[in-house]
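# What follows is a predicted protein model with its sequence.
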Amino acid sequence: MDANADPAELEKFAALAQGWWDPQGSSRPLHELNPLRLQYVQRIAGAGGRRLAAMHALDVGCGGGILSEALARTGAAVLGIDLAPAVLEVARLHALEAGVAVDYRGIAVEALALEQPQSFDLVTCMEMLEHVPDPAAIMQALAALVRPAGDIVVSTLHRTPQAFLVAIVGAEHIARVLPRGTHEYLKFIRPSELARWGREAGLELRDLTGISYNPLTRAFRLSTRTDVNYLAHFRRAGPPA
């Protein structure tokens, strides 16, 4: 199976591997954003009295493992997958040094969906969909991997002028908190497109929540505005397995 990945994108993120866990380095926005991502996932996972600690979670496009480790620290059994070997090596070494139990694999999400269908209570895919050639196919694979009544949480960027100004002009060219070329505007995803891909994969869109950023305090917060970054919660139909 051909991987649904752009080699240039993989090289781009592999070049960031050694500084992935430096909170003041090129991955600083991920470190600043991660507590909010975890907060949102915990809110979703805790609905209906469930416990994240009892869940089998999959982090797709895990990179150096910032979210994977945070999920594992809650007690969840976590598998993180990525296609950049250098980044995965950083993730494995950091988890070992930190004493956090996370399993990492270099495998495409579509291949894992064939290997382990309906195997996860929770699937996350953060800041990845806007970097792949066929994001709709990724949504199909995420849907195949999650158990009936399981949850999928994705985050991405809205294709709006505001997102272009914030994520590319502001973050890459003015503030320089991200390397130039990190994002391509035409790959940003409208919520309507994401919702359609979810429906086509048999998923129900349960929530859309925006993310706002205060550059003075360097703080992210959840917002009703989805015109730049946003989180989406999908649920697979069916009774719990």
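Ah, there it is.
# As a check, name the ranges of all strands in the protein.
Listed in chain order, the strands of the chain (DSSP state E) span 56-60, 77-81, 103-105, 120-126, 146-157, 203-214, 219-223, 229-236.
# for the shortest one, which positions count as buried?
Of all the residues in strand 103-105, those buried under the rule 16 or more other Cβ atoms under 10 Å are residue 104. Any C-beta I mention is one placed from the backbone N, CA and C, and that applies to glycine too.
# Return the set of residues that bridge with residue 205.
The residues paired with residue 205 through beta bridges, assigned by DSSP bridges, are residue 234.
# next one: residue 230
Taking DSSP bridges, one finds residue 156, residue 210 as the beta-bridge partners of residue 230.
# pLDDT score assigned to it?
Taken from the predicted model, the pLDDT recorded for residue 230 is 96.
# wait, which of the strands of the chain is closest to residue 31?
Closest to residue 31 of the strands of the chain, according to Cβ to Cβ: strand 219-223, at 10.7 Å.
# what distance separates the closest one from the centre of its chain?
Mean-position distance between strand 219-223 and its chain equals 16 Å (Cα atoms, centre = their mean, to the nearest Å).
# who touches that strand?
Outside of strand 219-223, the residues within contact range by Cβ atoms under 8 Å, 6 or more residues apart in numbering are 32, 33, 36, 39, 40, 209, 210, 211, 212, 213, 214, 231.
# Now residue 117: phi and psi?
phi -70, psi 150 (degrees, to the nearest 10).
# Settle this for me: residue 89 is touching residue 17, isn't it.
Yes - counting by Cβ atoms under 8 Å, residue 89 does reach residue 17; the two are 7.3 Å apart.
# Just want to know which of these two has more residues nearby.
Looking at residue 89 and residue 17 with other Cβ atoms under 10 Å, you find the greater number of neighbours at residue 17, namely 19 against 16.
# For that one, which non-adjacent residue is closest in space?
Counting by Cβ to Cβ, 6 or more residues apart in numbering, residue 86 is the residue found nearest to residue 17 once chain neighbours are left out, at 4.2 Å.
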